[in-house]
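Participant: I'll drop the sequence and a predicted model, then ask my questions.
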Amino acid sequence: MNMALLIIDVQEAFIGNQKGEQGYHTTFEYINETAALFRNAGKPVIIVRDIEGGDDDRFQNVEELLVKNSDIEVLKEFSNSFWKTNLEEILKERNIDFVVICGNAAEYCVLATYNGALERNFGAAMLQHGVFAKHPNGLLDIYNNRSLVSYEVISYMLSNK
C-alpha cells in the first residue's frame, strides 16, 4: 500500500473562529504529528485549500497547521478535492493507492473528498481525531459509518513497508 495524507480546508475563513473551542488544538496535534509520520517516511502530504470564496488572508491555512516546503498544495473550488483539480494526477504520478483524509469539515469537504477518492478507486480512511465538524453529529456520523485509521496504525503501517 502506497499512502498519502490529504489535509482539507484548515483555513482561517472556515475554522479560525474555533480556536478557543475544546478539541481544536488536540485535532491539530493529530494532524501535525500524522503529517510528520508521512514526511519522515517520504510519503506525500497534500494540503488542499478551498479558494471558491477568494484567496486573500482569510483563505490561508491557520497558523496551527505546520506546513513544510515538501508539502504539495492543491487549490479547489468545489467540496470534492478531486473535482476539477489535479489531485488525482498528483496521486497517480506517485503511485498512491490509499489516502488518509483529515481536516475540515466532516459533513462537507472531508466527506466529499472521501467519496471522491473511493469513486476513483483509491482506498481511503479518515484520520481518527483529525477531523473538524460543523456539528457534533457530523463527527459521530463519520466515526460510525466511514473507515477510520488511527495515528498508531498509520505509524505501524509506515514503519513496516
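Facilitator: That came through fine.

Participant: For this structure, name the helix or strand with the lowest mean pLDDT.
Facilitator: Comparing helices and strands within the chain by mean pLDDT, DSSP states H and E singles out helix 136-145 as the least confident, with a mean of 86.

Participant: Sheet-wise, list the partners of the next helix or strand after that one with their directions.
Facilitator: Beyond helix 136-145 in the direction of the C-terminus, DSSP states H and E gives the next helix or strand as strand 148-149. When pairs are called by DSSP bridges, strand 148-149 turns out to pair with strand 123-131 (parallel).

Participant: Show me where the protein has its strands.
Facilitator: Defined through DSSP state E, the strands belonging to the chain, from first to last, are 3-8, 45-50, 72-76, 98-103, 123-131, 148-149.

Participant: Compare these and give me the one nearest residue 29.
Facilitator: Go through the strands of the chain one by one with C-beta to C-beta and the one that ends up closest to residue 29 is strand 123-131, at 8.5 Å. C-beta: built from backbone N, CA, C; applies to glycine.

Participant: Tell me who's in contact with the residue lying closest to residue 72 once chain neighbours are set aside.
Facilitator: Take residue 72 and drop its neighbours on the chain: the residue closest to it by C-beta to C-beta, 6 or more residues apart in numbering is residue 46, 4.7 Å away. Listed by C-beta atoms under 8 Å, 6 or more residues apart in numbering, the contact set of residue 46 reads 4-7, 71-74, 87, 90.
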